[in-house]
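Enquirer: this is the structure alone, sequence omitted:
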C-alpha cells in the first residue's frame, strides 16, 4: 500500500501542477480546441511519467482491446442515454427539436452532417479522450484497485476527477450558461460519479483501457455535437439536457446502480 500511495500521490502532484498551467490559460482566454486537448492529455503525461519513475515501463494500463462486446457497449451507452433524455424533452415539450440546425452549424449537406462529420468528430474525440483515460482509468484505477474495492475506487476517482474539472466549471465557460453555477456543479458531480462507476466496471470486465476511452469519446460527441445542436432551448431546457443537466446524470446513475447490483464482488482482471 505504501508504494501505491507514493505512486498515486506523485501522479496527482504532477497532474494538478501541469493542469494549473492550462487552467490559467483557459480562464484567461476561454476554452479553445488546442487548450482543451492539451489539458485532456495532462493525466496521460502525468501517469506515464509516474509509471516510468516507479516501474521503468508503462505496462498495466490495459492497452489490449479486450472483448468486442465491451467496446460496443461503451459506444452505445452514451448514445442511448441521449436518446432517452432528449427524446423525453422533445416529447414532453420541455424543449424543441430541429434537424436543420445541424446544416446551419456545420454548413454541410445533411448526408455529410449525419455520416462523415460524426465519424471525423468521433475520431477526434477518441484521441482527446485517450489522454484523460490513460490517466484516470488506465493508471489511477489500476493502482487503486490493488487495495480498494470497485465501489471505493470509483468514488475516489469521481471526487478527484470532479475537483480536476471544478476550476473550469467555476471560472471558465465550461458550463451551461442558462442554469445557475451551483446547479452546474451539482449535476457535474453526479454525472462524473455515474460516468466513473460505469467506465471502471466496464474496464475491469474487459481489462481494456479502450472501453473507457470509447465511452468518453461517445459521451463527448453525442450530447455536445449532435443532441445539444438539434435541441431548441425553451428557457428551462438545459436543466435537463447537456452534460450539466439532470437527465444524463440521472440515467448514468441508474446504469451504475444496475452494475453495482449485477456484480457486487467484481474483481480486477
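Expert: Happy to help now that I have it. Keep in mind it's a predicted model, so treat the numbers as computed, not measured.
Enquirer: isn't residue 60 up against residue 142?
Expert: Yes - applying C-beta atoms under 8 Å as the test, residue 60 and residue 142 come out as touching, 5.5 Å apart. Where you see a C-beta, it was placed from the backbone N, CA and C, and this is true even at glycine.
Enquirer: what about stretch 232-240, average pLDDT?
Expert: Per-residue pLDDT over stretch 232-240 has a mean of 96.
Enquirer: contacts for that stretch?
Expert: 85, 88-89, 93-98, 101, 176, 178-179, 183, 231, 244-247 (C-beta atoms under 8 Å, 6 or more residues apart in numbering).
Enquirer: show me the residues you listed that map onto strands.
Expert: 95-97, 231 (DSSP state E).
Enquirer: which of the contacts of stretch 232-240 count as buried?
Expert: Buried subset of the contacts of stretch 232-240 (neighbour count, 16 or more other C-beta atoms under 10 Å): 85, 89, 94-95, 101, 176, 179, 183, 231, 244-247.
Enquirer: got TSV for those, with distance to residue 47 too?
Expert: What follows is the buried ones among the contacts of stretch 232-240, written out as TSV (distance: C-beta to C-beta, whole Å):
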residue	distance to residue 47
85	32
89	37
94	40
95	39
101	39
176	30
179	33
183	32
231	36
244	27
245	31
246	32
247	32
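Enquirer: of those residues, which is the nearest to residue 162?
Expert: Closest approach to residue 162 among the buried ones among the contacts of stretch 232-240 (C-beta to C-beta): residue 244, at 12.5 Å.
Enquirer: that older thread, for the buried ones among the contacts of stretch 232-240, which one is nearest residue 128?
Expert: residue 244 (19.0 Å).
Enquirer: tell me how far the closest one lies from residue 192.
Expert: 11 Å (C-beta to C-beta, to the nearest Å).
Enquirer: still on that earlier bit, between residue 60 and residue 142, which is the more surrounded one?
Expert: Legend: neighbour count by other C-beta atoms under 10 Å for residue 60 and residue 142, higher for residue 142 (21 against 13).
Enquirer: the helix or strand hosting that one: what's the following helix or strand?
Expert: Assigned by DSSP states H and E, residue 142 falls within helix 141-144. Sequence-wise, the next helix or strand downstream of helix 141-144 (DSSP H and E) is helix 150-171.
Enquirer: what is that next one packed up against?
Expert: In terms of contacts (3 or more C-beta pairs under 8 Å, 6 or more residues apart in numbering; DSSP states H and E), helix 150-171 is packed against helix 2-29, helix 141-144, helix 181-206.
Enquirer: chain center to the last one: distance?
Expert: Here the centre of helix 181-206 is set off from its chain's centre by 8 Å, with C-alpha atoms, centre = their mean, to the nearest Å.
Enquirer: follow-up on the earlier one: can you lay out the helices and strands packed on helix 150-171 as CSV showing mean pLDDT?
Expert: Converted to CSV, those look like this (pLDDT from 0 to 100):
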stretch, mean pLDDT
helix 2-29, 93
helix 141-144, 95
helix 181-206, 96
